[in-house]
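1. Need a 3D model of the sequence below.
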Amino acid sequence: VRPNRPARTDRPEEAPPMFQPTRRSLAWLIAGAAVLLAACGGGTSQLQAFTPPRLPAFGDDSSSFTPDGRKYAVNEFGTDAVTLDCGASPIWIQDVARAFNFGFSQCPLSGGETKALTRAAPGARVADVVRQVDAHVAAGGFQPEELVLVLAGTWDVVDLYAQFPARSRDDLINDARARGTRLAEQVNRMVGLGARVVVSTMPDLGLSPYGLAQGTDGAKLLTDLSAALNGRIRASIINDGRLIGLVRTDEFVQVAARAPGAFALDNAKDAVCREALPNCTTKTLVDGARATGYLWASDRWLGTPGHRQLGLLAAARATLNPF
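-> Below is the predicted model of the structure:
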């Protein structure tokens with residue numbers, strides 16, 4: 001395991017231009033290596049296996065289930081081709097939970113323990129994540145070394161984008177920064193309460209089907225808003241290398257958009273679902289599409305390969321970070 005490198009705290013708040021993979025880094029990406037994982041400081045590796053007592057998740061649609069186990073991604077059928085199998089085509093939080101043999105009440109893991117839970121909710125903004133954390137504290141709080149997963153910001157950026165041009169670009173960028181700072185404060189708060197956290201940056205919405213439909217200028221603004229929010233997350237989380245792991249989903253999306261073949265993608269620009277989430281299944285895809293070939297499930301939410309890569313990177317951070 002390569003030692004983690006400290007996250008830079010002197011970087012600009014906005015992300016750099018489109019991530020430019022070298023041949024070597026691209027090979028790492030194809031293999032699912034952790035080249036896109038950003039360590040939060042420190043220069044050590046895990047000396048003994050980290051085994052959390054529980055795994056809660058906070059955020060938006062990307063980390064949510066319906067009560068019957070449907071996901072806000074592509075849902076797959078079981079062997080009878082009639083009943084949905086919530087364990088097939090898992091979303092990212094399921095991949096991380098499986099690394100510890102944990103399942104969720106909405107989707108138990110065969111042979112595993114139901115020690116994972118999600119307080120994430122469709123439509124959640126950063127302000128809602130604050131309330132989700134409050135609810136977790138009110139329900140008993142965080143156990144020592146509980147592993148927490150966090151991903152939010154998409155709805156915040158969509159909301160801010162909708163306010164242009166009534167509000168200036170600079171004003172909206174500043175608001176996005178403030179929301180990123182607020183999310184980072186919640187991450188730090190959970191660490192202060194004894195948790196260990198893997199937090200993901202939000203995808204670059206300028207490269208989503210929603211963003212591309214806005215035209216060049218609209219997509220650029222969505223990218224800038226995403227980068228402003230993500231930049232403040234990176235700059236504001238505790239940076240000591242053993243309490244927080246950071247996954248750069250925005251950079252993964254940028255690489256996938258430039259080199260879809262590196263991830264065996266047929267399409268990194270369009271949505272694969274014809275039905276609105278969470279009602280999309282492998283039987284309601286666009287003509288000729290395969291769920292594993294499209295980066296995006298809907299106009300702004302990642303599909304099966306997007307969740308797979310995010311889950312792979314987050315699980316690597318959870319199991320390799322010196323928590």
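
2. now the strands for the stretch 1-150 of the chain?
-> Counting by DSSP state E, counting those that start in this stretch, residue ranges of the strands within the stretch 1-150 of the chain are 37-39, 55-59, 102-104, 113-118, 147-151.

3. Dump the ones you listed to a markdown table, plus distance to Thr281 and mean pLDDT.
-> For the C-beta atoms, the positions are set from N, CA and C on the backbone; glycine is no exception. Formatted as a markdown table, the strands of the stretch 1-150 of the chain follow (distance: least, C-beta to C-beta, whole Å; pLDDT from 0 to 100):
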| stretch | distance to Thr281 | mean pLDDT |
| --- | --- | --- |
| strand 37-39 | 31 | 44 |
| strand 55-59 | 23 | 98 |
| strand 102-104 | 19 | 98 |
| strand 113-118 | 21 | 98 |
| strand 147-151 | 23 | 98 |
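
4. Mean neighbour count and distance to Arg317 added to the ones you listed, as CSV?
-> Putting the strands of the stretch 1-150 of the chain into CSV (neighbours: other C-beta atoms under 10 Å; distance: least, C-beta to C-beta, whole Å) gives the following:
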stretch, mean neighbour count, distance to Arg317
strand 37-39, 23, 5
strand 55-59, 26, 13
strand 102-104, 22, 16
strand 113-118, 19, 16
strand 147-151, 27, 10
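
5. Nearest to Ala271, out of the ones you listed?
-> Ala271 lies closest, by C-beta to C-beta, to one member of these: strand 147-151, at 19.2 Å.

6. quick one: the strands in the stretch 151-300 of the chain?
-> Using DSSP E, counting those that start in this stretch, strands in the stretch 151-300 of the chain cover 196-200, 244-247, 267-271, 294-296.

7. which one of these lies closest to Leu285?
-> Of all these, strand 294-296 comes closest under C-beta to C-beta, at 8.0 Å.

8. Tell me which residues are up against the closest one.
-> 208-209, 253, 256-257, 260, 263, 265-272, 302-306 (C-beta atoms under 8 Å, 6 or more residues apart in numbering).

9. Name the residues of the lengthiest helix in the chain that are buried.
-> If you go by DSSP state H, the chain has its longest helix at helix 169-192. Neighbour counts using 16 or more other C-beta atoms under 10 Å place 172-173, 175-177, 179-184, 186-191 of helix 169-192 among the buried residues.

10. rewinding a little: turn the strands of the stretch 151-300 of the chain into CSV, including mean neighbour count, distance to Gly311 and mean pLDDT.
-> Compiled in CSV, these are given as follows (neighbours: other C-beta atoms under 10 Å; distance: least, C-beta to C-beta, whole Å; pLDDT from 0 to 100):
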stretch, mean neighbour count, distance to Gly311, mean pLDDT
strand 196-200, 27, 10, 98
strand 244-247, 29, 10, 97
strand 267-271, 19, 18, 98
strand 294-296, 28, 14, 98
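
11. can you redo those strands as TSV with distance to Ala219?
-> Putting those into TSV (distance: least, C-beta to C-beta, whole Å) gives the following:
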stretch	distance to Ala219
strand 196-200	21
strand 244-247	23
strand 267-271	11
strand 294-296	14
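
12. shaky segments in this structure?
-> Applying pLDDT under 70 to the chain flags residues 1-48.

13. Which parts of it are helices?
-> 23-30, 92-98, 126-138, 154-162, 169-192, 209-212, 215-236, 249-258, 304-320.

14. any idea which of these is most buried?
-> Greatest average neighbour count among those goes to helix 92-98 (a mean of 26), per mean count of other C-beta atoms under 10 Å.

15. how about the nearest residue to Thr118, chain neighbours excluded?
-> Distances taken as C-beta to C-beta, 6 or more residues apart in numbering place Ala57 nearest to Thr118, at 4.2 Å, with adjacent residues excluded.
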